[in-house]
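Engineer: I need the structure of the sequence given here:
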Amino acid sequence: MLFKLHPRLAEDCYYLGDFPLSALLLSKDARYPWYILVPKQADISEAFQLSPLNQQQLQYESLQLSERLNKAYQADKMNISALGNMVPQLHLHHIVRYSTDPAWPNTVWGHSKALKYTQEKLEKRVKKTHHLLNDTDFTSIAVTT
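Structural biologist: Model prediction:
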């Protein structure tokens, strides 16, 4: 069976490109720099279902992404989570948090309605993301709205 992005992730996110194991998505909620890694493997809902090598690769990609986001956005805290209650496909949220953000110190889920990106803000966020990952194994793609 081939990898296919869950419809909810496809609807709620922009697809930015790929790491060796995972697709990188950007949440359409512009209130936060909010990224999601999705291992490109079919029928995986838990990290332990990945091979040991792919478990290590996912950890590496997640840590590489979170370190670069933390530095680029000068985060007060990086929230990394794999809930999967609404979307069973394995995916890891990486959310840059600030003590001044609308949901702080609580979770961002269900706090308030998502704020859509303007075209200008989306282009700026995507460009910044591609720049901060330019010396990694990340392969970027053009984002269309």
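Engineer: alpha carbons only for contacts and neighbour counts from here, please
Structural biologist: Fine.
Engineer: from Leu58, how far off is Leu83?
Structural biologist: Distance from Leu83 to Leu58, counting by CA to CA, to the nearest Å: 16 Å.
Engineer: between those two, point out the one with more neighbours.
Structural biologist: The residue with more neighbours, out of Leu83 and Leu58, is Leu58; 22 against 15, by other CA atoms under 10 Å.
Engineer: double-check that one against Ala23; I have them as touching.
Structural biologist: No. With contact defined as CA atoms under 8 Å, Leu58 does not count as touching Ala23 (10.7 Å).
Engineer: quick check: phi and psi on Leu37?
Structural biologist: Note on Leu37: its backbone torsions stand at phi -100, psi 130 [degrees, to the nearest 10].
Engineer: these two touch, right, it and Gln89?
Structural biologist: No. Between Leu37 and Gln89 there is no contact under CA under 8 Å: 10.9 Å.
Engineer: tell me the mean pLDDT for stretch 94-101?
Structural biologist: Taken as a whole, stretch 94-101 carries a mean pLDDT of 96.
Engineer: okay, it in PDB with CA atoms only?
Structural biologist: Extracted in PDB, the C-alpha atoms of stretch 94-101 (Å, rounded to 0.1, in the frame of the first residue of the first chain):
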ATOM      1  CA  HIS A  94       6.100  21.200  16.200                       C
ATOM      2  CA  ILE A  95       4.700  24.400  17.600                       C
ATOM      3  CA  VAL A  96       6.800  27.500  18.400                       C
ATOM      4  CA  ARG A  97       5.300  29.000  21.600                       C
ATOM      5  CA  TYR A  98       5.700  32.300  23.200                       C
ATOM      6  CA  SER A  99       4.600  33.400  26.700                       C
ATOM      7  CA  THR A 100       2.700  36.200  24.800                       C
ATOM      8  CA  ASP A 101       0.800  33.900  22.400                       C
END
